[in-house]
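> Got a sequence here, can you model it:
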Amino acid sequence: MSKRVVITGIGLVTPIGRSHSFWENCIAGKVGTSQVENAVFTYANSFMGGQIKDFQISNHYQENKLTTIGRGSQLLYDAMQQCLNQSNTNIDEIAALYVGTTMGEASLDESVDHYFNGCRVPQQLRERNEKQRLILDTLALMTTKAIPQYLVGNACSAGNYALSHAYDDIMSGRSNTVLAGGVEPFSAVSLLGFKRLNALSKNVCRPFSKDRDGMLVSEGAAILQLEELEHAKARNAIIISELTGIGLSSDAHHINIPHPEGSGLKIAIENALKDAKIAGSMIDYISLHGTGTQKNDSIEARVLNDLFDNKAPSASSIKSMIGHTMGASSAIEAAVCCLATQNNVVPPTVNFTEADPECAIDCIPNKARQLTVDYALNLSAGFGGTNAALIFKKYQ
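Okay, here's the model as predicted:
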């Protein structure tokens, strides 16, 4: 008998709230981006971004050592604990952990300036924990069990790739219960990198709006518990949604520019539909990659119109509210798909002011919509051509 993979827990930390408040604010169209504060490079404070300014790990947990680990590990710890609490699962029951990230609080070992002047970066400019410690620091405070752990670095598709690995673990019979998702602490290095690419918005993110002027760097975390259906039923778990199809591709067109025809993203969507054994017409909602840049949005819209014969399903980009959380983005958006199938309501693309003929899709402008969602498609397209499409189904 073919296995089925269901979602039994979700943990979220975002600029518009943690798990329950996130969904309420997401449906309300709340904008969580604002002026950057306290960046390690003061120049970054002149930009807008998606910092979680009210996040203090000590407000939620009593573990004293949590204040000694990096912000990325703190965000991950919070998302994992929320997920495990919702699913009523002990961490020692988890077979593996897959976490997507891009910057991952990598240490700023040496800048070009410091390198050529033969000195080390001052301690105050160093991040709290290095990328390779991101998961280790988190798990060390949760369990003494040696849980297999994997850091997935597929750029802005990392969260979806992490979920894909977890899905494969369960479908292959290697595991019954796996945690997967993504995390990204706010990074001034990332922000300044996108500034050099002229990809940052001056104010707010306006995906698919004609006057869009770029993305906003953000932070956040999302962890989902994936579980084999019979295993979940045996312990009377509450099932939120079902993951039914995975599509991955790499177009390898350019390090930071999407393929002009969106060929890689198109292949990923086609593969996901094939894996889920459904026709494109059965998709009810699409969570878009939707960064708010001119090229990304127009190419993504073109792909959807090509695949769905100019009748693409209703779709939206929550990056308009929370900014671009990099390695965590597609995991947060996967959670949105799960919640949409559970609640039959879909979030809007806010800050939308004017339709763009180059983006001729229904992007659910500015106001959430009641919609029966039997199937939801989650899209991500990262630097280097890493594309991923995941299909979630209403559990019945």
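> From now on I want contacts and neighbour counts done on CA atoms only, so please keep to that.
OK.
> ok, then the element right after the helix or strand of the chain with the lowest mean pLDDT?
Of all regular secondary-structure elements in the chain, judged by mean pLDDT, DSSP states H and E, the least confident is helix 112-116 with a mean of 52. Using DSSP states H and E, the helix or strand that follows helix 112-116 towards the C-terminus is helix 134-140.
> mind listing what the nearest residue to Lys145 once chain neighbours are set aside touches?
The shortest distance from Lys145 to any non-neighbouring residue, by CA to CA, 6 or more residues apart in numbering, is to Asp92 (6.5 Å). Taking CA atoms under 8 Å, 6 or more residues apart in numbering as the definition of contact, the neighbours of Asp92 are 143, 145, 147.
> Let me have those residues in JSON lines, adding neighbour count and pLDDT as columns.
Putting the contacts of Asp92 into JSON lines (neighbours: other CA atoms under 10 Å; pLDDT from 0 to 100) gives the following:
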{"residue": "Thr143", "neighbour count": "12", "pLDDT": "95"}
{"residue": "Lys145", "neighbour count": "12", "pLDDT": "95"}
{"residue": "Ile147", "neighbour count": "16", "pLDDT": "96"}
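> and these, which of them are in helices?
Mapping the contacts of Asp92 onto helices (DSSP state H) picks out no residues; all lie outside.
> Save those residues as TSV, and put in distance to Glu228 too.
Conversion of the contacts of Asp92 to TSV gives the following (distance: CA to CA, whole Å):
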residue	distance to Glu228
Thr143	23
Lys145	22
Ile147	18
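> Contact partners for the nearest residue to Phe308 once chain neighbours are set aside?
Excluding the flanking residues, the one nearest Phe308 by CA to CA, 6+ apart is Gly280, at 6.8 Å. For Gly280, the set of contacting residues under the criterion of CA under 8 Å, 6+ apart consists of 273, 307-308.
> How about Ala158?
Residues in contact with Ala158, defined by CA under 8 Å, 6+ apart, are 99-102, 152, 182, 327-328, 330, 382.
> I'd guessed Val350 sits against Ala368; true?
No. If you go by CA atoms under 8 Å, Val350 and Ala368 don't touch, sitting 9.3 Å apart.
> Just want to know which of the two has more residues nearby.
Using other CA atoms under 10 Å as the criterion, Val350 and Ala368 rank with Val350 on top: 28 against 18.
> Quick one: neighbours of the closest residue to the more buried one other than its chain neighbours, just the number.
The spatial neighbour of Val350 that comes closest, neighbours along the chain excluded (CA to CA, 6+ apart), is Asn366 at 4.2 Å. For Asn366, the count of nearby residues is 19 (other CA under 10 Å).
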